[in-house]
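S.K.: Generate a structure from the sequence data that follows.
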Amino acid sequence: MSAQYNQNWTRGFGPWFTGPASDQHMRVSDAERSAVAEELGKHYAEGRLDQAEFDERVSRTMAAKTRGDLAGLFDD
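M.R.: Numbering: from 1, shown residues only. Here you go, the predicted structure:
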């Protein structure tokens, strides 16, 4: 997934991952984890991720405690 897409995607989540409120130590909510997992599911369905990549990224997403734990999930 491209960096350009990552920038566009994070904008759609408002202050969660960008701007002054993007404190990497801030805890994420269940709703934030679910939104990230849903977006990963879209990429999997469109063939951007294979099964192993999808499983690994969703596992990381669901285990995330802070915004920093979600960093890099959409970098490629």
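
S.K.: What values do phi and psi take at the residue most central in space within the chain?
M.R.: Nearest to the mean C-alpha position of the chain, by CA atoms, centre = their mean, lies Val36 at 4.4 Å. Reported as degrees, to the nearest 10, the phi and psi values for Val36 are phi -70, psi -40.

S.K.: Leaving out sequence neighbours, find the closest residue to it.
M.R.: Of all residues not flanking Val36 in the chain, Thr61 sits nearest, at 4.8 Å (CB to CB, 6 or more residues apart in numbering). Just so you know, the C-beta spots here come from the backbone N, C-alpha and C atoms, and that holds for glycine as well.

S.K.: one step back: from what I see, the residue nearest to the centre of the chain and Leu73 are in contact.
M.R.: Yes - Val36 lies in contact with Leu73 (CB atoms under 8 Å); the separation is 6.5 Å.

S.K.: Can you check which residues contact both of these two?
M.R.: Shared contacts of Val36 and Leu73, defined by CB atoms under 8 Å, 6 or more residues apart in numbering, comprise Thr61.

S.K.: Now stretch 61-76: buried residues?
M.R.: Judged by neighbour count using 16 or more other CB atoms under 10 Å, the buried positions of stretch 61-76 are 61, 64, 67, 69-70, 73-74.

S.K.: how about low-confidence regions in this protein?
M.R.: 1-22 (pLDDT under 70).

S.K.: Just the CA atoms of the strand or helix carrying the residue nearest to Val36, as CSV, please.
M.R.: Under the criterion of DSSP states H and E, Thr61 resides in helix 51-63. Taking C-alpha atoms only, helix 51-63 is exported to CSV below (Å, rounded to 0.1, in the frame of the first residue of the first chain):
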residue,chain,number,x,y,z
GLN,A,51,-3.7,-14.2,3.9
ALA,A,52,-0.6,-14.3,6.0
GLU,A,53,-0.1,-10.5,5.9
PHE,A,54,-3.7,-9.9,6.7
ASP,A,55,-3.6,-12.2,9.7
GLU,A,56,-0.4,-10.7,11.0
ARG,A,57,-1.7,-7.1,10.7
VAL,A,58,-5.1,-7.9,12.2
SER,A,59,-3.4,-9.6,15.1
ARG,A,60,-1.2,-6.6,15.7
THR,A,61,-4.3,-4.4,15.4
MET,A,62,-6.3,-6.3,18.0
ALA,A,63,-3.3,-6.4,20.4
